[in-house]
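Peer 1: Below is the structure, and that's it, no one-letter string:
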């Protein structure tokens, strides 16, 4: 199977390409891709893997602000990693993640993502670490605990160095799922 990767900002993807990505993700997530989930994947860098049959895999990284200790970090937040059903378990998810990690490592203080149980296997195998500390969101009504996100949030320290789970992560707010 011949596969080629394309890395592009959302602004550089044609409407038809974005429609194709959304269709792939809707299928990859068994129809569980809401409007806010889709919006979370936009506005950053996308990695698209194509094969002879078309779009085979996708992932994106968008900037988030996360406070850790007394510092607000620029975090490359990984979103919308999905692989077409007929080419799952062939290494495409890893290839997409390798390019996303390159972007995170060179452009952000740290990388973070929220994973399903199935996705967690890929991220753990690639060296991402499950965050063992507390997680909060800075919302319209102040700082609120996001206990449901604890146990599924992974981190990849980059420029910021190691993160200390004795100190919480406070994420910027966004509509829908904060993480």
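Peer 2: Done, it's in. Only a predicted model underlies this, so the values are computations on that prediction, with no experimental measurement involved.

Peer 1: In space, not sequence, find me the middle residue of this protein.
Peer 2: Residue closest to the average C-alpha location in the chain (C-alpha atoms, centre = their mean): residue 78, at 1.6 Å.

Peer 1: That one: which element?
Peer 2: strand 71-83 (DSSP states H and E).

Peer 1: How far does that strand sit from its chain's centre?
Peer 2: For strand 71-83, the separation from the chain centroid amounts to 4 Å (computed by C-alpha atoms, centre = their mean, to the nearest Å).

Peer 1: from what I can see the residue nearest to the centre of the chain touches residue 61, true?
Peer 2: Yes - between residue 78 and residue 61 there is a contact under C-beta atoms under 8 Å: 5.4 Å. (C-beta placed from N, C-alpha, C; glycine too.)

Peer 1: so what sits against both of the two?
Peer 2: 100, 104, 111 (C-beta atoms under 8 Å, 6 or more residues apart in numbering).

Peer 1: nearest to residue 49, of the residues you listed?
Peer 2: Within the shared contacts of residue 78 and residue 61, proximity to residue 49 (C-beta to C-beta) peaks at residue 100, which comes in at 11.4 Å.

Peer 1: In terms of helices and strands, where is that closest one?
Peer 2: Under the assignment here (DSSP H and E), residue 100 is part of helix 92-107.

Peer 1: Point out the other helices and strands that that helix packs with.
Peer 2: strand 4-9, strand 45-51, strand 54-68, strand 71-83, strand 110-114, helix 117-125, strand 153-157 (3 or more C-beta pairs under 8 Å, 6 or more residues apart in numbering; DSSP states H and E).

Peer 1: Just the buried residues of the longest one, please?
Peer 2: Of all the residues in strand 54-68, those buried under the rule 16 or more other C-beta atoms under 10 Å are 55-62, 64, 66-68.

Peer 1: That strand versus strand 4-9: what angle between them?
Peer 2: 40 degrees (axes from the mean of the first three to the mean of the last three C-alpha atoms, to 10 degrees).

Peer 1: Strand 54-68: partners in the sheet, and parallel or antiparallel?
Peer 2: Strands adjacent to strand 54-68 in the sheet, as given by DSSP bridges, are strand 45-51 (antiparallel), strand 71-83 (antiparallel), strand 169-172 (antiparallel).

Peer 1: want to throw those into JSON lines with distance to residue 37?
Peer 2: Formatted as JSON lines, the strands paired with strand 54-68 follow (distance: least, C-beta to C-beta, whole Å):
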{"stretch": "strand 45-51", "distance to residue 37": "15"}
{"stretch": "strand 71-83", "distance to residue 37": "8"}
{"stretch": "strand 169-172", "distance to residue 37": "16"}
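
Peer 1: Select, out of these, the one closest to residue 116.
Peer 2: The nearest among those, by C-beta to C-beta, is strand 71-83 at 10.0 Å.

Peer 1: list the buried ones in the closest one?
Peer 2: 73, 75-83.
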